[in-house]
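Peer 1: What shape does this take:
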Amino acid sequence: QVQLVESGGGLVQAGESLTLSCVASGNIFSFDRMGWYRQTPGKQRELVAVVVSGGITNYADSVKGRFTISRDNARNTVVLQMNSLKPEDTGAYYCYNGGILITTGRWYDYWGQGTQVTVSS
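Peer 2: Numbers count the residues shown, from 1 in each chain. As a prediction, the model looks like this:
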């Protein structure tokens, strides 16, 4: 059973920074992706940033140049550095880990419980 533990959300003013961290345990993937999605009331969960096993990253257009995702494979940790935050970045941020389990050869998706980020104007 994969567990994702998130930390680092909070309330900041526009222009400030926050760092989100997520530690994964219990996963043994032959290939996987880790990253962050966010959700606001009434909207679907959307990709913020993701990094795959080989280090390739993908960002939502709205955060490019402001957010940086990094991964420590040895510690099964993914970190999202968020700079120049805007009110529209407000939302519940969910850590994501999906991949092909070595034991089954099948793809599985796992989610953290979410951490709230609120950016005031």
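
Peer 1: ok, now how distant is Ile69 from Gly105?
Peer 2: According to C-beta to C-beta, to the nearest Å, Ile69 stands 27 Å off from Gly105. Bear in mind the C-beta positions are built from the backbone N, C-alpha and C, glycine included.

Peer 1: Check Val48 too.
Peer 2: Applying C-beta to C-beta to Val48 and Gly105 gives a distance of 29 Å.

Peer 1: Skipping adjacent residues, who's closest to the residue positioned nearest the centre of the chain in space?
Peer 2: Nearest residue to the geometric centre of the chain (C-alpha atoms, centre = their mean): Trp36, 1.9 Å. Closest residue in space to Trp36, ignoring its immediate chain neighbours: Val48 at 4.4 Å, by C-beta to C-beta, 6 or more residues apart in numbering.

Peer 1: And Gln1, by the same measure?
Peer 2: In space, Gln1 is closest to Gly26, 5.3 Å off (C-beta to C-beta, 6+ apart).

Peer 1: Just give me the neighbour total for Gln3.
Peer 2: Other residues lying near Gln3 total 13 when counted by other C-beta atoms under 10 Å.

Peer 1: Now the element after the helix or strand bottoming out on mean pLDDT in the chain, going C-ward?
Peer 2: Among the helices and strands of the chain, strand 29-39 carries the lowest confidence by mean pLDDT, DSSP states H and E, at a mean of 91. Scanning forward in sequence from strand 29-39 by DSSP states H and E, the next helix or strand is strand 46-52.

Peer 1: Against which helices or strands is that next one packed?
Peer 2: Judged by 3 or more C-beta pairs under 8 Å, 6 or more residues apart in numbering; DSSP states H and E, the packing partners of strand 46-52 are strand 29-39, strand 57-59, strand 67-72, strand 77-82.

Peer 1: by how many degrees do the longest one and strand 46-52 diverge?
Peer 2: Which is strand 29-39. 160 degrees (axes from the mean of the first three to the mean of the last three C-alpha atoms, to 10 degrees).

Peer 1: Then the last one?
Peer 2: Here strand 77-82 points in a direction 130 degrees away from that of strand 46-52 (the same axes, to 10 degrees).

Peer 1: can you list contacts of strand 77-82?
Peer 2: Here strand 77-82 makes contact (C-beta atoms under 8 Å, 6 or more residues apart in numbering) with 17-24, 34-36, 48-49, 51, 63, 66-72, 89, 93, 95, 97, 117.
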